[in-house]
Structures are given as C-alpha cells and as structure tokens.
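Engineer: When you get a sec, could you give me coordinates for this:
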Amino acid sequence: MIFQKPSQPEVASGLLAVSKDEDEGIEKLKKVFEVASKYGLEIKFKKCQFLRRKVEFLGHVVENGTVRPSVAKTIAVKKFPVPTTVKQVQSFLGLTGYFRKFIPAYSKIAKPLSDLIRSDNPFVFEQPQIEAFEKLKKLLTESPVLSIFQQGKTTELHTNASQQGYGAVLLQEAEDGKLHPVQYMSKKTTPAEEKYSSYKLEVLAVVNALRKIRTYLMGNHFKIITDCSAFQRTMDKKDLVTRIARWALLLEEFDYDIVHRSGQRMQHVDALSRYPVAIITSDTLTARLKRAQQEDEYTQSLRSMIGSNNDADFFDKNELLYKYVDGRELIVVPRDMQTEIIKLAHEKGHFSAAKTEGVVKQEFFIPNLSKQVQNVIVNCVPCILTNKKSGKKDGFLNPIPKEDVPLSTYHVDFIGPLPSTNKKYQHILTIVDAFTKFTWLYPVRSTSAEDALDKLEVQQKTFGNPKRIITDRGSAFTSKAFGDYCTNENIQHFQITTGVPRGNGQVERIHRTLIPVLTKLSIADSTKWFKFVDPLQRILNSTFNRSTKWSPFELLIGVTMRNKEDLHLRDLLMEEMMEEL
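Structural biologist: Numbers count the residues shown, from 1 in each chain. Now for the predicted structure:
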C-alpha cells in the first residue's frame, strides 16, 4: 500500500498489513484508512494490492508465512558481470548484502571480495574471489526461503564463533513441530577480535545477533543455544572485565534461557562462523556413487593400486574412492554414472563446454572429461533449440502488416518428408501465431489441402479463426479447397512470392530448428520422431523469445507454463533475456 502527502508528491512510503484471514485483513484495512484520513495521507490505489496471499515488497516475495528474494533481484544477481573494479565489487556486495539474511555464513563467503575494497589491498580478482563471487550468485538464485517471525511461537537463537568470524541463526517452531530458520546472521572478525578468547567470541556472537534482531525478541521468551559451556558461568560472574560487563548489561533487557549443546550438535550454525566447503553431492547421490564404484571394474582397478608406487594419488575416504587433483579431493566417478554427473552439472545453467567442465571439476574426477562434455552438450535439446544461428541473416520476418493482438495472423507451412511412422505420418503442419510466436505442430500424413484444413479446423475449435493466414505457394495452399475455406470463414489469405521463403520467416525459423533436433532425438529409430513433437512444442512455447521479450505461452495465456522443461531451461532463458535487456 503506497501513501503520499498531497503537498509533498516526492515523499512516499509503503506499508504491509499482515493478517491471518480475510476478516482480520478487512479490519486492519479499516484502521489503516482511518489513520490515513486523520493525518491527510493520500493512498495511491493504483499501486495497492488488497487481501493477497502473495505480495512483492521491497525486493522480497512474501507468501504463505515465508519470505524470499524477488525474481527480479535474483536475475540481477545471476547476471551481474565479473567485477573488474573496486566500485563494481562494492555494487555486487551491496546487491547481495541486502539479502544476507538468506545466506548462512554470508560474511565468510564474501570475505575474499570484501577484502578487495580495503584501500590498502591491491585489486586482484583470482580464484578465491571468483569462487566467492560464484558461490554468492548460486546461493541467491536457488530460491532461498525463510519463515516469517510470529509472536508467541517457540523461539531459539543458535550461535557459534571462531577466530574467523561469528554467526547465528534465529529459528521458530512451525505447525509441523519443527524449527525453521527466520534469519541467518554472520560477521567476520576484525583483527582485534581475532585475538579474543573463545568465551569472549561466544558472547560477542550472541550480543551482535541480539542487536541485529532486537525488534523480534524484545518481550518474547527465547532460548540461546551455544556450544560454549563457559558462557553461562561468564554471565553469572560479578567481577566481569569491562567489555564483557557492557555486553552482559545489554543481555539483561531480554528474557532468555541459556542452553549448552555440544559442538557435534551445532554443526548447522558452526558453518556460519567458518569458511564453508562447496558440496553439490546429496546423500542420495553419494550412496549411488558408492554402489556404482563397488560394481565398476574401472574403479576397482584404480582402488587396487592404492598403497603401490603407481597409486597416482588415489585414496579411500568414507567408502568412496577419491583422487588428489591440484590440491582438491575429487570423487572418482564410475563409468556408468559419468554422463549423468556431466548432465547434472550442465543443466544447472546449460553452460558452455568450458564452464560445464569447471563445474564438474569442483567435485568429481572423470577421465577424458572434455570429450564427454562435448557429447552431452551436442545432444542437449534446450541448447540445440536456443543456439544462435550463423550464416545468412534472415532479414525481416514478414513485410505483410499484422495487428498487435494474439491469434490475428497465422503463418502456416509443412515440413517434411520425414521417415514414415506406424501411423503413416511423414510431415508436420506448423502454425505460428505472428504476434505471440506461439507454435502448433501437427503430424500429418501428407501435404494435401485436406490435411491442412483438418488441422485448421482443430485450431478453430479452441481458438476461433484468425483474420489472415500467410502461406507459401505450395499446392495445398493454392488449391480451390483451401481458397474456399478462407473465403467461407472470412479469412484473408496471403501467399508469399515464389523463391522468397523468408517472406514466411516465422515458420522457416521453426523448421530450421526442428529438423536437426528431431534427427538427433530419433537417431535410434528414425520412425519414432513423432513421439518428440509434443515435448518440443512445449519447449518452444515456454522459451523466452528475444523479439517479444516473453515466452509465447506467457503472451498468449498470461501465465508462465509449468513443466519440466521450464525447470531445465530457466537459467538459460534468464541469461538470454538479460542479454537482450
């Protein structure tokens, strides 16, 4: 809700009124309107949203008791270029720092970058800085979610400290009876703080956390969970040193109990105070790797060399075979899982071959990696669909004037012949909506007018008739039957000039994409190409279009398509969109 003083149009502020149900929401709105009226505040109703389950506010999305960064912000983080100056580093830290509450151990991860902005440090952007930069981008683009703080709920503040830094996590019990994070906090130690004793650092961790979340905890009883057994005894002393005494005085305004918990049970918060190690293998994947290694002759042959003079830096750890490579401990991937691991790395963002190799090499050892990465990428359907074409430019898609509304103008053409299927399909009739670029692909038996009209009637049942249809001068489209159909349905029929296929460029582009994709997908059995037509249609219609700045599905239907392909394509589509912007 946006407020504005009539006499001060440049001053505006926003307000979120939270309620548990519609009735409470209406009551709160009444109070807000009363206060606004009393103090002469003008409400900008065009910018208001009332009784919504999901709202975007100050760069955050609030929904169902949770809060997360908005899509626009995560896109901005993902597309932030590698910094080349101190000012660019400051900008990146400012952007990511705004969402540091979502990132465990933010200050530790960001330390190589934050060190660059110190005046006494030279600007050197090498491996530590690159890893910190990529790690922050990764964490903020994986849709981190926090619970919203609720008064009266069981609340715990877990803290930990080390010489490198200190951190905390605020948790609350949810309806499922489990503790869920509300906010993460972390801070690197200053040179002076690095010399503190362990108990001083533990107290400092608590004090800084309480300062950060004071508004949450004032008036609420909560537990402070720490692995420092001396913390409670320190707070009970009467002859505290000056610094600790000041901290203890600050703690007195809170209602809390101190609970000691061993370090082994505090690993979730211990990471906030130390440098984290990037692990992308899940428990399930690790278990599968163990089993596959045990069954793989190649891996077993390598394992048999351990302890010999030819062990080549192989070693066992936690029942997994590893290899030392440039100071890294990499899991040796058995042959049956090598392609799967490469696909997992590649599909995180449909990266280039070099970047995909880099992602794999962070955790895994695969011989002949470059060749295998190339094999995966050349067979990646989303990458094939979004590859930029080289060669002669297309020029204008079509000189025929069209209305800027959906379903007004269709581009229609056949593709084929393709290998005959068990249903005798040999061609595809392609229909493209000129405005939205939405594409329909219909397998057909021939390029006859009868088959073309049959599919246009299928279109008509759902979408009605277009105002105009653009085709080439193929026999189906110059036939009397096709002409009569257009006349009877009051459709203008434009035929492009012979020898100028780019006049029907909308479908020509689709066809240049479809032919190689269908060929690759049906390489095992060329007669099975029709099985891939529907999935490819979904991908085409859910993929961001550089000319419209939207996906065809979004322009036609008004919402984002929900399907598996969207999940795999998301990173690549965002990259394409930001390049256009």
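
Engineer: how about low-confidence regions in the stretch 201-350 of the chain?
Structural biologist: Flagging of the stretch 201-350 of the chain using pLDDT under 70 yields the residue ranges 228-244, 261-284, 307-312, 326-328, 347-350.

Engineer: Tell me which stretches of it form strands.
Structural biologist: For the stretch 201-350 of the chain, the strands defined by DSSP state E, counting those that start in this stretch cover 221-226, 255-260, 314-317, 320-325, 328-332.

Engineer: With distance to Pro417 added, can I get these in CSV?
Structural biologist: (Each C-beta comes from the backbone N, C-alpha and C, glycine too.) Shown next, in CSV, are the strands of the stretch 201-350 of the chain (distance: least, C-beta to C-beta, whole Å):
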stretch, distance to Pro417
strand 221-226, 70
strand 255-260, 75
strand 314-317, 54
strand 320-325, 51
strand 328-332, 48
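
Engineer: ranking the ones you listed by burial, who's on top?
Structural biologist: strand 221-226 (a mean of 20; mean count of other C-beta atoms under 10 Å).

Engineer: What helices and strands are in contact with that strand?
Structural biologist: strand 155-161, helix 198-212, strand 255-260 (3 or more C-beta pairs under 8 Å, 6 or more residues apart in numbering; DSSP states H and E).

Engineer: Report the angle between it and strand 155-161.
Structural biologist: Put simply, strand 221-226 runs at 20 degrees to strand 155-161, going by axes from the mean of the first three to the mean of the last three C-alpha atoms, to 10 degrees.

Engineer: chain center to strand 221-226, what's the gap?
Structural biologist: The chain centre lies 34 Å from the centre of strand 221-226; the measure is C-alpha atoms, centre = their mean, to the nearest Å.

Engineer: how about the CA coordinates for it, as CSV?
Structural biologist: Extracted in CSV, the C-alpha atoms of strand 221-226 (Å, rounded to 0.1, in the frame of the first residue of the first chain):
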residue,chain,number,x,y,z
HIS,A,221,11.0,-15.5,25.9
PHE,A,222,13.6,-17.5,23.9
LYS,A,223,16.5,-19.9,24.3
ILE,A,224,20.1,-19.1,23.4
ILE,A,225,21.7,-22.3,22.2
THR,A,226,25.5,-22.3,22.3
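
Engineer: Begin at 496, not 1, for the rest of this chat.
Structural biologist: In the new numbering, first residue 496, that becomes strand 716-721.

Engineer: And the contacts of it?
Structural biologist: Contacting residues not belonging to strand 716-721 are listed as 650-655, 697, 700-701, 726, 749-756, 761 [C-beta atoms under 8 Å, 6 or more residues apart in numbering].

Engineer: about what we covered before: now the helices and strands packed on strand 716-721 in CSV, with distance to Pro938?
Structural biologist: Output for those, formatted as CSV (distance: least, C-beta to C-beta, whole Å):
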stretch, distance to Pro938
strand 650-656, 59
helix 693-707, 61
strand 750-755, 66
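
Engineer: Need the winner for burial among these.
Structural biologist: Note that of the helices and strands packed on strand 716-721, strand 650-656 is the most buried (mean count of other C-beta under 10 Å), with a mean of 26.

Engineer: What strands line up against that one, and which way round?
Structural biologist: In the sheet, strand 650-656 lines up against strand 660-668 (antiparallel), strand 716-721 (parallel) (DSSP bridges).

Engineer: Next, the buried residues of the first one.
Structural biologist: By neighbour count, with 16 or more other C-beta atoms under 10 Å as the criterion, the buried positions of strand 660-668 are 660-667.

Engineer: Quickly name whichever of these is closest to Lys549.
Structural biologist: The closest of the buried residues of strand 660-668 to Lys549 turns out to be Gln667 (C-beta to C-beta; 20.7 Å).

Engineer: any idea what sits nearest that closest one, other than its immediate chain neighbours?
Structural biologist: Nearest residue to Gln667 in three dimensions, chain neighbours excluded: Lys648, at 4.6 Å (C-beta to C-beta, 6 or more residues apart in numbering).

Engineer: pretty sure that neighbour is touching Leu666, no?
Structural biologist: No: taking contacts as C-beta atoms under 8 Å, Lys648 lies outside contact range of Leu666: 9.8 Å.

Engineer: what residues are up against the residue nearest to Gln667?
Structural biologist: Residues in contact with Lys648, defined by C-beta under 8 Å, 6+ apart, are 667-669.

Engineer: what does Tyr819 give?
Structural biologist: Tyr819 is in contact with 808, 810, 825, counting by C-beta under 8 Å, 6+ apart.

Engineer: Quick one, which of the helices and strands packed on strand 716-721 gets closest to Thr579.
Structural biologist: Closest approach to Thr579 among those (C-beta to C-beta): helix 693-707, 32.5 Å.

Engineer: helices or strands next to that closest one in the packing?
Structural biologist: Other helices and strands packing on helix 693-707, by 3+ C-beta pairs under 8 Å, 6+ apart, are strand 650-656, strand 660-668, strand 674-683, strand 716-721, helix 725-731, helix 737-746.

Engineer: Which one of those lies nearest to Asp831?
Structural biologist: That would be strand 674-683 among the helices and strands packed on helix 693-707, by C-beta to C-beta, at 37.4 Å.

Engineer: Nearest to Ile801, out of the helices and strands packed on helix 693-707?
Structural biologist: strand 650-656 (36.3 Å).

Engineer: pull the CA atoms of that closest one into CSV?
Structural biologist: The C-alpha coordinates for strand 650-656 follow below in CSV (Å, rounded to 0.1, in the frame of the first residue of the first chain):
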residue,chain,number,x,y,z
THR,A,650,11.9,-19.4,19.6
GLU,A,651,15.6,-20.3,19.7
LEU,A,652,18.8,-18.3,18.8
HIS,A,653,21.7,-20.6,17.9
THR,A,654,25.1,-19.0,17.9
ASN,A,655,28.7,-20.0,17.3
ALA,A,656,32.1,-18.3,17.0
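
Engineer: okay, the angle between that strand and strand 674-683?
Structural biologist: In terms of direction (the same axes, to 10 degrees), strand 650-656 departs from strand 674-683 by 30 degrees.

Engineer: pLDDT (mean, whole number) over strand 650-656?
Structural biologist: What strand 650-656 shows for mean pLDDT is 86.

Engineer: what does stretch 629-642 give?
Structural biologist: Mean predicted lDDT for stretch 629-642 stands at 76.

Engineer: Which residues does that stretch contact?
Structural biologist: So stretch 629-642 is in contact with 560-564, 568-569, 572-573, 575, 587, 591, 594, 596-598, 601, 604-605, 608, 667, 669, 675-678, 773, 1066, going by C-beta under 8 Å, 6+ apart.

Engineer: redo that, cut-off 7 Å
Structural biologist: Contacts to stretch 629-642, defined as C-beta atoms under 7 Å, 6 or more residues apart in numbering, come from residues 560-564, 569, 572-573, 575, 591, 594, 596-598, 604-605, 667, 669, 675-678, 773.

Engineer: Could you check which helix or strand contains the residue nearest to Ile521 when sequence neighbours are not counted?
Structural biologist: Excluding its sequence neighbours, the residue lying closest to Ile521 (C-beta to C-beta, 6+ apart) is Leu546, at 7.6 Å. When elements are assigned from DSSP states H and E, Leu546 belongs to no helix and no strand.

Engineer: Is it correct that Leu546 is in contact with Gly520?
Structural biologist: Yes: using C-beta atoms under 7 Å, Leu546 is in contact with Gly520, at 5.1 Å.
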